[in-house]
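> Build the 3D model from these lines:
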Amino acid sequence: MRRLNIDHLAFIAAVLGAATPLRAQSMAQAQTPALAQAPGVDAGRRVVATMSLAAVEYPMAFKDGVMIAPAEWDEAKLFLGEARRAAAGLPPELRGTITQRIVRLEQRLAQRMAPESLVAEAAAIERVLVDAFGESLDERPAREPSIANGEILYGSTCTRCHGDRGRGDGPVTLTTRMDPPPPDLTDTLLMRTTTPLDTYRKITLGVPGTRMQGFGDALSREERWDLVAYVLTLSNETARRGRSGQMAVVFGSVNATLTNAVAAAERGERAAASQLVMDSYMAFEAAEGALAATEPALVRRAEQQFTSLRYAIEGNESKAVLSERYVTLQATLRGAEAAFSRRHSPAGLFAESFLLMVREGFEAILVIGAIMAVLIKAGAKDKQRSVRLGVVAALLASLVTAAALEQLFRASAAQREALEGGVMLVAAALLFYVSYWLISKVEIAAWTRFVKGQIQKAVAAGSGLALAGVAFFAVYREGFETVLFYKALYVTGGAGGEAPITVGLVAGLVVLVAVFVGLERFGLKIPMRPFFAITGATLAFMAFVFAGNGIKALQEGGYVGSTLLPGAPRYDFFGIFPTLESLAVQGVIVIALAAGLIWTFVIRPARTPAPVPGPGAVPPPSLGKRSSRASKTAV
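As a prediction, the model looks like this:
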């Protein structure tokens, strides 16, 4: 069911200004207007929609491999029949092949084929059509869905059958005794297994074998999505209070995909269930950007609980354990959805803005301040210009990247995770290099050689271009994300929140500058040996953390595999996550650092003969707390 849910996420990404449904599909294809008018596209959309609905209905007919709901089986057959009829409108080069594949599916479905086989074949046919047309075949809204407009449309088109409150008790239903009757749209369990995209498709195409007609011709695409948003509020009081069509659709997809994941796990489809949990998390990513600006602790808790549920699924835990973790995650998601309906006071917005700036900028300031202090201490102030250029370049690149992600590339949540993960891995590599260079200067003989005529060479090799690169990536990895967070915070605060948010932003910047100045100035008063040791260890620790977080981001984007290790620890603060891939990369860093330290402090001193002082030689500077005047002058 991966392909179907990726399509669900593609819609959400489109609502938030980021729509790339297939990673293999190029941006040029996704944005080529001519392809949108290609002959047969409408037929292709209908084929995809009806086959997707068949693939959603059919698995619900089974429980533990036993047919328990023949009506769902019959409905899946009707949807496949609609798909076959729609295929007649495809271009000639596609029509024959697609029709034959659907006919074979109908034959296998009549013989009660395995549900996962239908899902896989539906996804394969969709990929063929998407590749042929060069675009997604889902209909996406050009604006945020409006719950208010959806309520008006519901009153004029749906109440006759579904009733005023969606309970399936409309006047037509009661007088004609419909068989089957309309579903109860207030049924929380039912709506938690139906994704917003599935609801949209049913509104567009209708439901074969029922009185539910399609409104694809009567309502525009945007009006149908407005109707979807309102229907979601009938079973979700939080969505009704929030009055945000965008968030109603986002959390509707998160919850439905998550519920379907647990159902798949209970059917024994553990691999598919694990992927569905990941799909649900990627749907949550669409809201996470706005939520992280005001509720970072809640976001971290949700991430941990998504991972915990995946552990339970992949570890073949019992249904009781799955249910417990699912219920816990659902409670967190309800809290996340409720957070969007809260009103924020000016003082609250100021505090959120201030903490956001300090939280996102502190790591970067720590790295840059330490580097600048090292350069001053090493007598290489001229090299500070390279670091400053790296910072300025990173700030500009952050703004450009944020604008590009929002307006030009329409990157999906997975692609944003991949970008962040790649930046963190590059930063980790540079931080590791610089940390080893600093730690290697702790050894007395090495520092003596450094101060005796090697300053310029060592600085150029250890802190010129490399340190500028560290400054760039340290700022860049936080910068573009911070820009997006502040955009979300300004939207959350509304017109009255602009002033307190801006004041909080400025206050946060003042604190960061103060931290930077403190690191730069007070670093001069620390004795050389502990200063280099502490600074090098700090950068090595941050390289370790960046590496773990970088791999995690790439895993969340689907670009790196995720091999869960049951029983392995998880400590977000240290960037430690219980996957083989992240721990392996961090293990390499630890081993490399240990090998470097052994070489610096054990092997190299043993292989290097002690220098014989010549006539008039100057003794090496003391690196202890009681530094001599000569050592201070050299430094």
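
> who are the neighbours in contact with V426?
F473 (Cβ atoms under 8 Å, 6 or more residues apart in numbering). For every residue, glycine as well, the C-beta is placed using N, CA and C.

> so which strand or helix has it?
helix 413-440 (DSSP states H and E).

> Kindly provide the whole-number mean pLDDT of that helix.
Averaging pLDDT along helix 413-440 yields 68.

> What of stretch 103-115?
Mean pLDDT, stretch 103-115: 89.

> what's the pLDDT at K487?
70.

> so it is in which element?
helix 465-493.

> which element follows that helix toward the C-terminus?
helix 498-522.

> and the helix or strand just after that next one, what other elements does it pack with?
Tracing the chain past helix 498-522, the next element assigned as helix or strand by DSSP H and E is helix 528-556. Contact here means 3 or more Cβ pairs under 8 Å, 6 or more residues apart in numbering; DSSP states H and E; on that basis helix 528-556 packs against helix 270-292, helix 346-377, helix 413-440, helix 444-451, helix 580-598.

> If you average pLDDT over each of the ones you listed, which is lowest?
Ranked by mean pLDDT, those bottom out at helix 444-451, which scores a mean of 48.

> count of residues packed around G65?
By other Cβ atoms under 10 Å, 9 other residues sit near G65.

> For whatever helix or strand C161 lives in, give the mean pLDDT please.
Using DSSP H and E, C161 sits within helix 159-162. Mean per-residue pLDDT for helix 159-162: 91.

> Renumber starting at 406 from here on
Let's use 406 as the start, then, which means that last one is helix 564-567.

> Can I get that helix in CSV, CA atoms only?
Output of helix 564-567 as CSV, limited to C-alpha atoms (Å, rounded to 0.1, in the frame of the first residue of the first chain):
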residue,chain,number,x,y,z
THR,A,564,-27.9,16.5,3.5
ARG,A,565,-30.6,14.8,1.5
CYS,A,566,-28.9,11.4,2.0
HIS,A,567,-26.3,11.9,4.8
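
> can you pull the buried residues of that helix?
564, 566-567 (16 or more other Cβ atoms under 10 Å).

> Redo those residues as CSV? Include distance to A488.
Below are the buried residues of helix 564-567 laid out as CSV (distance: Cβ to Cβ, whole Å):
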residue, distance to A488
T564, 30
C566, 25
H567, 26
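
> any idea which of the residues you listed is closest to V772?
Lowest distance from V772 to the buried residues of helix 564-567 (Cβ to Cβ) belongs to H567, with 57.9 Å.

> Just give me the neighbour total for the residue nearest to F711 when sequence neighbours are not counted.
Nearest residue to F711, sequence neighbours excluded (Cβ to Cβ, 6 or more residues apart in numbering): Y686, at 4.5 Å. Neighbours of Y686 under the rule other Cβ under 10 Å: 24.

> Surely Y686 is in contact with V704?
No - judged on Cβ atoms under 8 Å, Y686 makes no contact with V704 at a distance of 11.2 Å.

> Among the helices and strands packed on helix 933-961, single out whichever gets nearest to V918.
It is, among the helices and strands packed on helix 933-961 and with distance given as Cβ to Cβ, helix 751-782, at 8.2 Å.

> From the contact counts, what lies against the closest one?
Going by 3+ Cβ pairs under 8 Å, 6+ apart, helix 751-782 lies up against helix 789-808, helix 818-845, helix 870-898, helix 903-927, helix 933-961.

> what comes up buried for it?
753-759, 761-763, 765-766, 768-782.

> With stretch 546-559 instead?
Those would be 546, 549-552, 554-556, 558-559, for stretch 546-559 by 16+ other Cβ under 10 Å.

> Show only the entries of those residues found in strands.
The strands, defined by DSSP state E, take in nothing from the buried residues of stretch 546-559.

> how close does the closest residue to P971 other than its chain neighbours sit to E674?
Closest residue in space to P971, ignoring its immediate chain neighbours: G720 at 5.0 Å, by Cβ to Cβ, 6+ apart. Shown here: G720 relative to E674, a distance of 15 Å by Cβ to Cβ, to the nearest Å.
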